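In: Task: produce atomic coordinates for the following.
(chains A and B)
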Amino acid sequence: MAIIRFTLNGKPQSVDVAPEMPLLWVLRDTLGLTGTKFGCGMAICGACTVHIDGQALRSCSVQARTVAGKHVVTIEGLSTDGSHPVQKAWVEKDVPQCGYCQSGQIMGAAAMLAKNPKPSDADIDEVMKFYICRCGTYQDIRAAIHRAAELQAKGGVG
Amino acid sequence: MNSSRRGFLKSTTAGAAGLVIGFYLPERNELAAQATAAAIPARVNAWVRIGTDDSVTLMIHKSEMGQGTVTSLSQLLAEELECDWKKVRTEFPPIDPAFGLQGVFGSQSIRTGWGPLRTAGAQAHDLLIRAAAERWAIDKAECHAANGVIGNTVNASKLTFGQVAEAAAKLTPSANVPLKMPAQFKLIGKSIPRLDTRDKVTGATKFGIDVRVPGMVYAAVARCPVFGGKVVSFDAAKAKAIAGVKDAVQISNGVAVIADSTWAAFAGAKALEIKWDEGPNAAFSTAGNRKTFTEQTTQPGVSARKVGNGKAALAGAAKEINAVYEAPFLAHAPMEPLNCVAHVRADGCDVWASTQMQTGIAGVARQLTGLPPDKITIHSQYMGGGFGRRSGTDFASEAIEIAKAIKVPVKVTWSRENDIQNGLYRPASVTRFAGGLDAEGWPLVLAANIACPPMGGGGSFGGGRGGGVDSTSVEGIADLRYAIPHMQVDYHSVTGGIPTTYWRAVGYTQNTFFGESFLDELAAAGGKDPLEVRRRLLAGVPRLLGVLNLAAEKAGWEKPLPAGHHRGVAVVNNIGSFTAQVAEVSVTAGKLKVHKVVCATDCGQVVNPAIIEQQLRSAIVFGLSAALKGELTIEAGRIQQGNFHQYDVVRMDETPSVEVHIVPSTEAPGGMGEAGVPTIAPAVCNAIFAATGKRIRRLPIQAQDLA
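Out: Predicted coordinates for the structure are as follows:
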């Protein structure tokens, strides 16, 4: 066990966990932040995506010790009230079906839009093809990302 | 309607558990003490609760796995209730006989809810009106309700639903309440935004895997890699050496590792050293299974359908066409891996699960605990996908068994590998066709010989047997609507040694691929356009002909395509709905691209068109995953695939643009969740045939099929 200190959703956080425990389980089991989902445990599906120092990473494959001193943002911290442009666009397009993968899809899309504010369909596919949705909401996700880009351009960064 | 105090308290408890992290189910007397009249909404009837604050809580007895029940069933209830839609909240209720069977499968929620839920809404509406009428001492005909407010047409005073709900709950419901005519609908038929979207974009939605109960421990189970195998002995020393692992207990299905986190439980389960008795399936292989099934189809089976002279009519055919089709084992792989939280005490059992089969889990809990039904509470959670997998009760049964052994609340989580390798499956099957054409090249005979294990063999379902025929194993072929003069369907109820359960669209998942592909073969052999053959043979089935024509028109069947693009068509009549799809594909240097799918559906009266479009887009991606990639193979009784890198699914860049057209209808509602799955594989494969001249008779589509 080891004390690991990092910033979680803008606030200082410390946990006493096995240093090799994946961040996913620190978030879900130790801290009770269940918005970040377990899907595959192998960094394939993207359901567990969080931002670490602004980068979209698969928390199932990030050991707790490696986030010491870093800024971690989860779906709960993307905005306090669902006002991030990606979340607003997701609501506008009514994207989710079962909804389980959507935390990861949203975190992935938000990180992409931060770097590429006006992505083409091909740009979106290149990033989002690494996020699995078994309900097949891909067409709606793509439309929502274009809409989020518009909202972001209008200064709606939440 | 039952309005007992106990049922009322149980409902309230379940709802709270669904919404609050770490909520613990209090003792019932404790809860009763907390339950002041002001705090708890009045139970107007089984489906409707109304608070003094005018909050409206609707009970969704068919749980939500993405198919939209939370919204569409609310629309049915609220349409007649005339409440303020903006105040609607929903809960998944515990088991209550008032709801009948609580389970969600077979695309039945709207079909079975259409009458009863509107009636329940109308009944609650009537009770509220009567309570207001009593308060005002006027006739109920002099009251009018809209948006949760009741107006007194005599003196223009008003009462809100919340102001009369308690009084309404004490009245006796009327046996006959009138329902609106479709022209009066305000909510039904409208693309109302989903009620569950907002929480799903903030991470607030609680799925089964998110349930946390005070004092809860975590468990993972090591199950025999061979189906039906048993533990001979085990050594947990290495598992217990892992930080966080508390214990290991043997259960009927394997060995459970108990830990203080999911991660430690997973690591512990992997570290167990277990000696297995692998049992009778230790030599099972997909190659052997395929051979057995294929041989079976050369023998006469049990008759599932016979029209005209059946296969015997082939003797008089001008041309005969023979083909053997195959489909593999498939896993459901919902994004939320299976999980269940259970707490078994001497005086009660609570189970928290994302489940398609609450009634089934309650039954399993009774068997395993010996407790009476009123001591068992099933707390339904949002499902991160189901696709039929969560109609099984295996995962809950396991959790209850562990909880009973360790006496504290436990959350059992399956790894993705467990999900792929230790589950319930869509069975592999083989179908042999013989077809005959008349002198003009039109289909004269269609004979099919099906070898398929009963589809529901390992889940909650008996397999729907009738006269030795598993109806779900032959659906999609035995119920083909084509007017072919001579048809015969034979069935072999083979066993595969692998537990099966329903997979989204069940028998139609493979049989519609087989049947619609073979029909295309008959068309090609007769030198006919596949659309024209279908039109001719469906002349007597107007709703199926209607969607076929609509899809063809919207896809521009007669119009030229971009160079290298080709079309294929397929139709299906399943779950009370009629669906046609036209797929547009290209095959370039051995690489398949599905560009576009035009889908037309006639599902009777529509509750929420936007959700229907979602479901069809969803079904097309789901079916396409199976057509392009889905295959489990088995060697030495072991499934060879373990995670999404070996059991891949369609991704965004492989997703076609999907266009949906809904036929306006006054017919009774049909199902939708499974309507769009069956036709995508044959539509795509028929388009590939148009592109390459190669007929694909085995799924998934292989690289060599496209070369």
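In: Is residue B:613 part of a helix or strand, or is it coil?
Out: At residue B:613 the chain is in helix, as set by DSSP: H, G, I helix; E, B strand; the rest coil.
In: Let me see the backbone angles for the closest residue to it other than its chain neighbours.
Out: Closest residue in space to residue B:613, ignoring its immediate chain neighbours: residue B:660 at 4.5 Å, by CB to CB, 6 or more residues apart in numbering or on different chains. Where C-beta positions appear, they are placed from N, C-alpha and C, glycine not excepted. Dihedral pair for residue B:660: phi -110, psi 140, per degrees, to the nearest 10.
In: Report the beta-bridge partner residues of residue B:660.
Out: residue B:599 (DSSP bridges).
In: Quickly list the domain ranges of the chain.
Out: Using chain A. A:2-78, A:85-153 (automatic domain parsing).
In: The intended chain is chain B.
Out: Looking at automatic domain parsing, the domains of chain B come to B:5-202, B:208-279+B:338-413, B:286-330+B:424-706.
In: among the ones you listed, which gets the worst mean confidence?
Out: If the domains of chain B are sorted by mean pLDDT, domain B:5-202 sits at the bottom with a mean of 86.
In: Do any residues in that domain lie close to chain A?
Out: Yes: using CB under 8 Å from any CB of the partner chain, domain B:5-202 reaches chain A at B:21-22, B:64-68, B:193-194, B:196-202.
In: do stretch B:390-399 as well
Out: No: Stretch B:390-399 does not reach chain A (CB under 8 Å from any CB); its nearest approach is 10.7 Å.
In: burial of the residue in the stretch 201-350 of chain B positioned nearest to chain A, as a residue count?
Out: Here the residue of the stretch 201-350 of chain B nearest chain A is residue B:203; by CB to the nearest CB that distance is 2.2 Å. Residues near residue B:203, counting by other CB atoms under 10 Å in any protein chain shown, number 25.
In: residues contacting it?
Out: A:33, A:34, A:35, A:36, A:74, A:75, A:76, A:103 (CB atoms under 8 Å, 6 or more residues apart in numbering or on different chains).
In: I'd like those written out as JSON lines, with pLDDT added.
Out: JSON lines is the format used below for those (pLDDT from 0 to 100):
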{"residue": "A:33", "pLDDT": "98"}
{"residue": "A:34", "pLDDT": "98"}
{"residue": "A:35", "pLDDT": "98"}
{"residue": "A:36", "pLDDT": "98"}
{"residue": "A:74", "pLDDT": "98"}
{"residue": "A:75", "pLDDT": "98"}
{"residue": "A:76", "pLDDT": "98"}
{"residue": "A:103", "pLDDT": "98"}
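In: Tell me the one among these nearest to chain B.
Out: Nearest member of the contacts of residue B:203 to chain B, counting by CB to the nearest CB, is residue A:35, at 2.2 Å.
In: ok, that closest one - how many residues close by?
Out: 25.
In: Can you tell me which of the domains of chain A is most buried?
Out: For these, the largest average neighbour count (mean count of other CB atoms under 10 Å in any protein chain shown) is found in domain A:85-153, namely a mean of 23.
In: mind checking how far it is from the chain centre?
Out: Put simply, domain A:85-153 sits 11 Å off its chain's centre (CA atoms, centre = their mean, to the nearest Å).
In: Can you select the buried ones from the residues of domain B:5-202 next to chain A in ChimeraX?
Out: Selection of buried members from the residues of domain B:5-202 next to chain A for ChimeraX, criterion 16 or more other CB atoms under 10 Å in any protein chain shown:
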select /B:64,65,66,67,68,193,194,196,197,198,199,200,201,202
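In: which two in the residues of domain B:5-202 next to chain A are spaced the farthest apart?
Out: Distance extremes for the residues of domain B:5-202 next to chain A: the farthest pair is B:22 and B:193 at 30.1 Å, using CB to CB.
In: and residue B:522, how far is that from residue B:239?
Out: As judged by CB to CB, to the nearest Å, residue B:522 and residue B:239 stand 59 Å apart.
In: What about the spatially closest residue to residue B:502 that is not a sequence neighbour, how many residues nearby?
Out: Spatial nearest neighbour of residue B:502, excluding adjacent residues (CB to CB, 6+ apart): residue B:388 at 3.8 Å. A count of nearby residues for residue B:388, using other CB under 10 Å, gives 28.
In: Please identify the helix or strand for the residue most central in space within chain A.
Out: Centroid check for chain A by CA atoms, centre = their mean gives residue A:107 as the closest residue, at 2.5 Å. In this assignment (DSSP states H and E), residue A:107 forms part of helix A:102-115.
In: name the helices or strands packed onto that helix?
Out: Packing partners of helix A:102-115 (3 or more CB pairs under 8 Å, 6 or more residues apart in numbering or on different chains; DSSP states H and E): strand A:49-52, strand A:55-58, helix A:75-78, helix A:85-92, helix A:121-128, helix A:138-153, helix B:197-202.
In: hmm, the helix or strand encompassing residue B:518 touching chain A?
Out: According to DSSP H and E, residue B:518 maps onto helix B:508-525. No: residues of helix B:508-525 contacting chain A under CB under 8 Å from any CB: none, with a closest distance of 14.7 Å.
In: counting contacts, what elements does that helix pack onto?
Out: When contacts are defined as 3+ CB pairs under 8 Å, 6+ apart, helix B:508-525 packs onto strand B:319-327, strand B:429-437, strand B:443-451, helix B:530-537, strand B:565-574, helix B:609-628, helix B:680-692.
In: how about 6 Å then?
Out: Judged by 3 or more CB pairs under 6 Å, 6 or more residues apart in numbering or on different chains; DSSP states H and E, helix B:508-525 is in contact with strand B:319-327, strand B:429-437, helix B:530-537, strand B:565-574, helix B:680-692.
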